[in-house]
Structures are given as structure tokens and as C-alpha cells.
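**Q** here is my input; please provide its structure:
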Amino acid sequence: MTTCSAPELLPPDTIQRATASPYSAYGLQLDSELPLPEFDARPASASRADVHIRFHPGDDWIPSVRQQSSFWQVDDADSRFWFGGVGGFRLLAGREILISPEPGVDDALLRMYVEGMMMATLLHQRGFFVLHASVVRIGNTAVALLGHVGAGKSSTAAALHARGHSVVTDDNAAIAFGQNAPLVTPAFPYVKVFPAIAQALGCDEESLVRMHPSQPKFVTSVSSGFPDAPVPLDRIYILTRDAEQPVQRMHPAETIIELVRNSVPTRWKLAGNAAHLQQCAKLAAIVPAFRIRTFNELPELPLLAEMIETHHGGVARA
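**A** Have a look, this model is predicted:
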């Protein structure tokens, strides 16, 4: 069985803004003025950055949305996000993330937005098909775990990791359509879990770090076996508590609906274009999808992981 390890994260109240530091994630080289300790640090002498993340005093678009609790618009060249009490984010052509925080907002809170919604948008701008999913490599191929908030995507990924399989990504899955199969780009080796679930999977308390006091989930490292190259996507599992059977094959038309529901930008209730719908249809045509009954009680979680492993045809490596 793989073991959980404590991520090298600073408590939120000790994180300080710094000059740009080099990181890597999703196969990209990033320079960021915002500390991103979950991402892999890279040598400062590494090749020129693909993405620059920096603080910015803000543009004239922010006053027009400041009274709203939230606002976003996604465009391939210029995407803008506003969250009341947090600040504004602007993404330019998949190459820059500009952060305009509200006074007093700590970097730990900003980091959650950058590593989540902003990276999803940036990857979308760079041409990836971006799913809200956790992805695990079983054997030589990957399975994507989809479902509504609370369905257990991250927990199931952590349970599969505990059985010896590698987590490819948690939350955002960046998919490129290769010649032979869709490829999932490795993100960064962390998953978000509730403490009770982590303990049930054998993680000790020291392996968990809370990203921010506002969040009930903690992060833990899943660096063991983390892939260093894209992994072919072999199948998709939709986690649901309404499944009539433990595992049931889905019709491609049903799969398209789930992919639209769980991909950028439609997952944020924004209209997708024709190319986005074509990507959903293409993925549904070449990757089989299955509805699978998710867990309700903690003792069922390892059994769910074993069922996915067996259905996929993989063998636990631990």
C-alpha cells in the first residue's frame, strides 16, 4: 500500500508575497509572484516560462462588476473573473494570469482560485479539453472520475492511490486528442480529502494540510508513482448515488450530456461553441463511459476502488 506524505505547505498566515518563482504543472513552465507550493518547483535557470502569474493593480473593468458577488466571462484571448471579497482575475491568451486582490486577502485564498478555476480556464485557452474530474492511472491507461460536487471524485482517486495506482490529476483534467487516444496531462501530485476519509485510507494526521480556513477539505501528497508524461484515457466513470446497477454502460448520447455538464466553459453555465460540442462528441465516441454507484459510508470506499480496478481490468500493485 502506498503511504500519504505531508506536503511542504506553509500555513496561510505565514505565506508572503514573493518575487516570481518558477514552477511546473500540466506540462507547463510557470513563473508566479503568488506562491504555489502544490506545483513542482523548477530550477530558476530552466527554460523560458510558458505562463506568467503576477499581481496587477486592476483594470477599469473591475469597478463595473465590484457590486456583484461574482462575475465571469470566458474567451480564448481575454477571460475575466470577479469574486466579491476576493478580487479580480484576468487571463490573457493562455499565457498570463493577472491577479487583482481586494485589500487584506491572503495569498492562501488567492492560491485556491488560481490552482482551480484559473488554471482550468488557462488550459482551455491553450486548446485543451478541460474536464472537472479526477484521473487515475491503472496499469498503462487512465480512468476519469466525474460526478456532481460531493459525489466522491477526489476520495475515490485517493482510495485508488492507496491501492497502488497513480493519481494523474485532481479537479481539472487537461485532455488532448492524440492520434491513437485522448491523452491526460499530469497536473500536480495532490488530492483534496476530508480528514475522516484520509484517516480511513491510512493517512496520518501529519500528512494533511488545510489549504485555507474556509475549506473543510485538506490536501495530501500523492507523489508516489506520479506520471511524468501524458496518459491515454481508457474509460470514464460517472459517480452517482442513483445508479440502478453497480456499474452500467452509458449510451454515447448520455455521455455527451455528462461531458458538456462537466467541462469548461459549460460547467460554469456559460455557452460552449461548436468546437466544444464537437470535442464532447468526439470523446464520447472513442472512450466508453459507465455509471457507477458511489459510496455512502466510509467502509464502502475501498470496495468502490476495488470495483473500479476490477472492472477496468487492472491489478493492484500493492
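**Q** what is the lengthiest strand in the chain packed up against?
**A** Looking across the chain with DSSP state E, the single longest strand is strand 231-240. The helices and strands touching strand 231-240, judged by 3 or more C-beta pairs under 8 Å, 6 or more residues apart in numbering; DSSP states H and E, are strand 134-138, strand 141-146, strand 182-185, helix 252-261, strand 289-293, helix 300-312. All C-beta spots, glycine's among them, are computed from the backbone N, C-alpha and C.
**Q** pLDDT score assigned to Ala41?
**A** We note a pLDDT of 85 for Ala41 in this prediction.
**Q** of all the helices and strands packed on strand 231-240, which one is nearest His212?
**A** In terms of C-beta to C-beta, the element of the helices and strands packed on strand 231-240 nearest to His212 is strand 134-138, at 20.1 Å.
**Q** now the closest one and strand 141-146, what's the angle there?
**A** Angular relation of strand 134-138 and strand 141-146 on a 0 to 180 degree scale: 150 degrees, by axes from the mean of the first three to the mean of the last three C-alpha atoms, to 10 degrees.
**Q** just the helices and strands packed on strand 231-240: most buried one?
**A** Comparing these by mean neighbour count (mean count of other C-beta atoms under 10 Å), strand 134-138 ranks first with a mean of 28.
**Q** all helices of the stretch 151-300 of the chain, in order?
**A** 153-162, 195-200, 252-261, 274-286, 300-312 (DSSP state H, counting those that start in this stretch).
**Q** what sits up against the second one?
**A** In this case it means helix 195-200. For helix 195-200, the surrounding residues in contact (C-beta atoms under 8 Å, 6 or more residues apart in numbering) are Cys4, Ser155, Ala158, Glu205, Ser207, Leu208, Phe218, Thr220, Leu298, Pro299, Leu301.
**Q** list the residues that contact the last one.
**A** Think Leu301. Taking C-beta under 8 Å, 6+ apart as the criterion, Leu301 is in contact with Gly152, Ser155, Thr156, Ala159, Ile197, Ala200, Leu201, Phe295.
**Q** quick check: pLDDT value at it.
**A** pLDDT, Leu301: 94.
**Q** how much space between it and Leu183?
**A** Relative to Leu183, Leu301 is positioned 28 Å away (C-beta to C-beta, to the nearest Å).
**Q** before we move on, the earlier item: put together TSV for the helices and strands packed on strand 231-240, with distance to Ser24 on each row.
**A** TSV is the format used below for those (distance: least, C-beta to C-beta, whole Å):
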stretch	distance to Ser24
strand 134-138	18
strand 141-146	20
strand 182-185	11
helix 252-261	28
strand 289-293	31
helix 300-312	29
